[in-house]
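*Asks:* give me a model of this one.
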Amino acid sequence: MKHRTAMGKTVDMSALQAKNERTRAVGNMNVNARGDTIDSTGKIIQPITSKVNDAYAKTVGNRSSHVVKKPTQAKPPVNPIVDVVELTEAERELDASLEDDIEVEQIKAKELKK
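*Replies:* Okay, here's the model as predicted:
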């Protein structure tokens, strides 16, 4: 983000912030410019990410802040029973060829197991 000063100079604020993010901030909070808690020598004691995560967990609560995906159970395939009388001639041929294809796949599977 570039800003223009009153004197007409251009200052890149994001570059300036990135350059100085590990520098001790002015004040009495013992943090650097990024927000990490630091000790008297400038070593990071608690990073800002853990501070944010802790605050979020307190606000939202423990259960909802840690989303756990439950494994989904595979549903068995549904084979609807259709009366053959209701099918057209093309649908009957397709149904017969499907049954043949299933039988061929079962034979192939048995041969592969041997």
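*Asks:* the chain: strands as residue ranges?
*Replies:* 2-4, 10-12, 37-38, 44-46 (DSSP state E).
*Asks:* can you tell me the average pLDDT over the shortest one?
*Replies:* Along strand 37-38, the predicted confidence averages to a pLDDT of 94.
*Asks:* all the helices of this protein, residue numbers only.
*Replies:* For the chain, applying DSSP state H gives helices covering 13-19, 48-60, 62-65, 89-113.
*Asks:* list the contacts for residue 25?
*Replies:* By CB atoms under 8 Å, 6 or more residues apart in numbering, the residues touching residue 25 are 31-33. From N, CA and C alone the C-beta is placed, and that goes for glycine too.
*Asks:* low-confidence stretches in the chain?
*Replies:* Applying pLDDT under 70 to the chain picks out residues 61-69, 78-85.
*Asks:* export the helices of the chain to CSV and append columns for mean neighbour count.
*Replies:* Converted to CSV, the helices of the chain look like this (neighbours: other CB atoms under 10 Å):
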stretch, mean neighbour count
helix 13-19, 11
helix 48-60, 11
helix 62-65, 9
helix 89-113, 10
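*Asks:* residue 72 is nearest to which of these?
*Replies:* Closest to residue 72 of these is helix 62-65 (CB to CB; 20.2 Å).
*Asks:* picking that back up, a markdown table for the helices of the chain, including distance to residue 3?
*Replies:* Shown next, in a markdown table, are the helices of the chain (distance: least, CB to CB, whole Å):
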| stretch | distance to residue 3 |
| --- | --- |
| helix 13-19 | 6 |
| helix 48-60 | 24 |
| helix 62-65 | 37 |
| helix 89-113 | 68 |
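*Asks:* burial count for residue 36?
*Replies:* 21 (other CB atoms under 10 Å).
*Asks:* sounds good, over and out.
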